[in-house]
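[1] With the sequence up front, the predicted model follows.
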Amino acid sequence: MPHSTLIRNPRFARYWLATTVSGAGTSVSLVAIPLLAMSKLHANDGSVGLLRMAEMLPYLLLSIPVGVIADRVPRRPLLTTADISRFVLIGALPVLYGSHLLSMPVLITVMAGVGCFTVTYDVAQFSLLPALVGDDKLVDANSALESARGGAASLGPSLGGVLVSAFGVVNAVLADACSYLYSGLTFLTMRGVVDSPARQESGDGPHILDGARFVVGTPLLRYLTAYLGVNNFMIQGVLTAALLFFVHILTLPTYAVGLAVGSYGVGFLSGAILARPVGRAVGAGKLLVASSVLGAIGITVVAFAPPSTSSTVFSLLVAMVGMALAGLAGPLFNVHAATLRLQATPPDRLGRVTAAVKLCSQGTVAIGAAVGGLLAATAGPRAALFAFGAASLAATILLLPTPVRRARAREGRMVTMTEPEERDRQDRWTALGIRTDIPHPARVYDYLLGGKDNFAVDREAAEMSLKISPEILDSARANREFLVRAVRFLRDSGIRQFLDIGTGLPTSPNTHEVAQSGHPDARVVYVDNDPVVFLHAESLMADNKTTAVVRADLRDVGEVLTAARKSLDFAEPVGLLFVACLHNIPDSDDPAAIVARYLAALAPGSFLVISHVTDELAPERMHAITAEYAKRGTVFVGRSKEAIRHMFSGAELVDPGIVLNPHWRPDTPKLGHHASRVWGYCGVARA
């Protein structure tokens with residue numbers, strides 16, 4: 001079932017249910033269509049492989065143009081059209097069979113048509129997801145969808161075997177057609193979904209390959225997509241060879257074939273349930289690699305299953321264990337791969353990027369199905385399974401040196417750039433005198449929050465911190481959330497002037513957005529010494545007459561105050577913010593004394609806001625991070641709660657005092673899962 005917060009989203013709940021029902025029908029066909037071909041049309045092993053290839057071949061031919069369409073028109077009508085069309089095509093098969101017009105060429109043609117609309121459905125369905133849930137729910141949503149696929153995959157083949165045995169293969173196919181009808185009507189009657197295209201363009205030529213260029217130019221997406229293509233090739237080859245293996249080598253009865261294939265779905269469903277908690281515990285990258293190894297093991301176990309002539313139960317048991325392991329690996333990989341792709345893709349490219357990924361990942365399915373059938377026909381199904389298992393393990397080994405192993409899913413959209421785009425930007429910034437060879441705290445923080453205004457050296461520093469302490473990522477998020485709550489508190493307390501020291505790169509929601517919400521006359525001055533921050537902030541504030549940007553070092557108190565007085569009236573109360581910046585000031589510069597000098601310039605009724613990383617919760621790891629940053633020429637100092645209290649210079653702290661960031665006046669009584677993983681204290685005081 002979907003995560004509890006998603007259940008309360010009626011549009012996503014209907015979307016999830018339609019996906020589940022449609023997927024269950026498709027899984028019935030996974031057994032019923034090949035059995036229809038073998039039992040009624042006397043198809044051989046090679047023909048069964050070609051049948052699957054015909055259904056998957058449209059991914060190679062249509063993915064890119066369908067992606068362009070999905071970026072230009074609302075996705076819900078595309079989903080409705082795709083489902084109703086598949087209902088008509090699959091529903092025609094029993095009629096054709098009853099009229100003695102069904103043959104292998106006709107069946108292959110019909111399934112090719114089904115494949116065309118399946119491409120449309122898959123691209124549109126994935127592209128619609130961000131319109132139904134927020135970016136922070138993408139992991140939950142993908143996990144719920146994988147659960148749906150797992151439930152469908154586990155129940156469908158078993159149900160297909162039962163339906164074929166009880167009612168015949170033709171009626172089993174009819175059940176699949178009805179599932180598409182239900183899904184299509186669900187999307188047709190769904191209301192309140194804002195899925196308008198992100199932009200409208202004229203002319204396909206310059207834009208049709210944008211998705212492919214973005215995938216190729218983004219290292220994480222490039223390697224993820226390449227592996228998905230190879231892995232899906234293997235899986236489809238395995239599913240084709242396994243079905244032939246169960247029927248011709250193990251000689252399992254029809255119900256047992258359904259159970260064996262259905263155990264793949266049981267494993268798949270288990271993997272969908274475990275993907276979210278396991279990914280959070282070990283990290284997305286490690287889980288991606290581990291699940292790949294697990295899949296290879298599962299394939300090999302299936303190949304060792306003995307013929308049922310000695311013991312049907314034992315033969316079936318070995319086959320089910322192997323298929324379950326292979327199925328378990330699928331969603332453990334897919335949930336996080338899909339989430340990383342959604343988070344890394346700009347909304348205006350989502351349809352085309354999805355299409356490019358489908359072209360590679362699903363297009364190889366057609367080839368894998370054909371190769372699986374042909375290899376089983378020539379070398380035998382058992383040899384084919386061993387070959388696919390070995391190849392799958394080899395593909396996993398090739399994945400180890402890539403960025404996939406270090407990937408991390410984030411609770412929000414991360415904005416990425418292609419390698420050529422980043423090289424061009426780095427050249428332009430270097431020409432402006434901006435150093436891109438050493439990490440900068442603002443750019444590191446930007447990376448942790450999922451921004452794009454950072455370079456390889458900043459990402460390396462951030463990943464170094466995360467390797468030593470994964471809590472750093474939760475701390476960065478919690479700090480941003482504290483900023484929003486603190487500024488809101490100051491605004492609601494009557495503060496209309498804000499001096500944000502060490503602001504960092506402008507990541508929404510920022511100080512001026514919160515302060516000016518409901519009070520557009522509120523004045524905000526941002527201060528930072530990084531030229532990148534200055535350029536970005538100045539550009540964003542060009543049309544905001546009540547917000548100014550000062551490029552200065554916070555240690556130059558006189559210079560900062562002189563510049564700030566051009567926008568702020570220091571005879572009136574001011575909200576003074578030092579959010580996540582004082583830990584970049586060494587002890588030798590006495591940060592507490594710096595804060596005291598600023599406080600001395602403020603009028604009565606002003607407020608002081610401070611957040612700061614602490615070394616109290618894990619001293620050894622924090623000191624290791626400090627040492628690593630020092631090697632890179634950057635200051636990063638965690639301090640004790642008492643040292644942070646000293647920075648308030650005796651100002652009267654408002655409740656709840658100095659606490660860990662998530663505990664300062666949280667928006668909800670129940671704190672998020674990250675609350676216990678935050679290494680930072682914060683507080684607000686009346687000056």
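    Okay, I see it.
[2] Return the set of buried residues in the helix or strand that residue 594 is a member of.
    Remark: residue 594 resides in helix 591-600, with elements defined by DSSP states H and E. For helix 591-600, the buried set under the neighbour-count rule, 16 or more other Cβ atoms under 10 Å, comprises 591, 592, 594, 595, 596, 598, 599. In this view, the C-beta of every residue, glycine as well, is placed from N, C-alpha and C.
[3] now the residue nearest to residue 381 when sequence neighbours are not counted, what's its secondary structure?
    Here the nearest residue to residue 381 in space, its sequence neighbours aside, is residue 245; by Cβ to Cβ, 6 or more residues apart in numbering that works out to 3.6 Å. Under the three-state scheme (DSSP: H, G, I helix; E, B strand; the rest coil), the conformation of residue 245 reads as helix.
[4] I'd say residue 245 and residue 386 touch.
    No. Counting by Cβ atoms under 8 Å, no contact exists between residue 245 and residue 386, whose distance comes to 10.8 Å.
[5] Go through the buried residues of helix 591-600 and name the one nearest residue 669.
    residue 595 (31.9 Å; Cβ to Cβ).
[6] Could you pull up the residues touching the nearest residue to that closest one once chain neighbours are set aside?
    Setting aside the residues directly before and after it, residue 595 is nearest to residue 647 in space (Cβ to Cβ, 6+ apart), at 5.0 Å. Listed by Cβ atoms under 8 Å, 6 or more residues apart in numbering, the contact partners of residue 647 are 578, 582, 591, 592, 595, 610, 612.
[7] again, only using 6 Å
    Residues in contact with residue 647 (Cβ atoms under 6 Å, 6 or more residues apart in numbering) are 592, 595, 610.
[8] list the contacts for the closest residue in space to residue 583 that isn't next to it in sequence?
    Of all residues beyond its chain neighbours, the one nearest residue 583 is residue 613 (4.5 Å), with distances taken as Cβ to Cβ, 6+ apart. Contact partners of residue 613, counting by Cβ under 6 Å, 6+ apart, are 583, 638, 679, 680.
[9] quick revisit: so can I have TSV of the contacts of residue 647 showing pLDDT and distance to residue 571?
    Written out in TSV, the entries for these read as follows (pLDDT from 0 to 100; distance: Cβ to Cβ, whole Å):
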residue	pLDDT	distance to residue 571
592	95	26
595	96	21
610	97	24
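[10] Pick out whichever of the residues you listed sits closest to residue 217.
    Comparing the contacts of residue 647 against residue 217 with Cβ to Cβ picks out residue 610 as the nearest, at 40.8 Å.
[11] and the angle from whichever helix or strand that closest one is part of to helix 591-600?
    Counting by DSSP H and E, the element that carries residue 610 is strand 607-613. Taking axes from the mean of the first three to the mean of the last three Cα atoms, to 10 degrees, strand 607-613 and helix 591-600 form an angle of 160 degrees between their directions.
[12] Neighbour count for residue 245 and residue 386, which is higher?
    When neighbours are counted by other Cβ atoms under 10 Å, residue 245 comes out ahead of the other of residue 245 and residue 386, with 25 against 18.
[13] Kindly state the pLDDT recorded for that one?
    What the model reports for residue 245 is a pLDDT of 88.
[14] separation between it and residue 257?
    Counting by Cβ to Cβ, to the nearest Å, the separation of residue 245 from residue 257 is 10 Å.
[15] Check residue 40 too.
    To residue 257, residue 40 is 16 Å away according to Cβ to Cβ.
[16] Show me which of those two is the more surrounded one.
    Taking neighbours as other Cβ under 10 Å, residue 40 and residue 257 compare with residue 257 leading, 26 against 14.
[17] Nice, that's everything, thank you.
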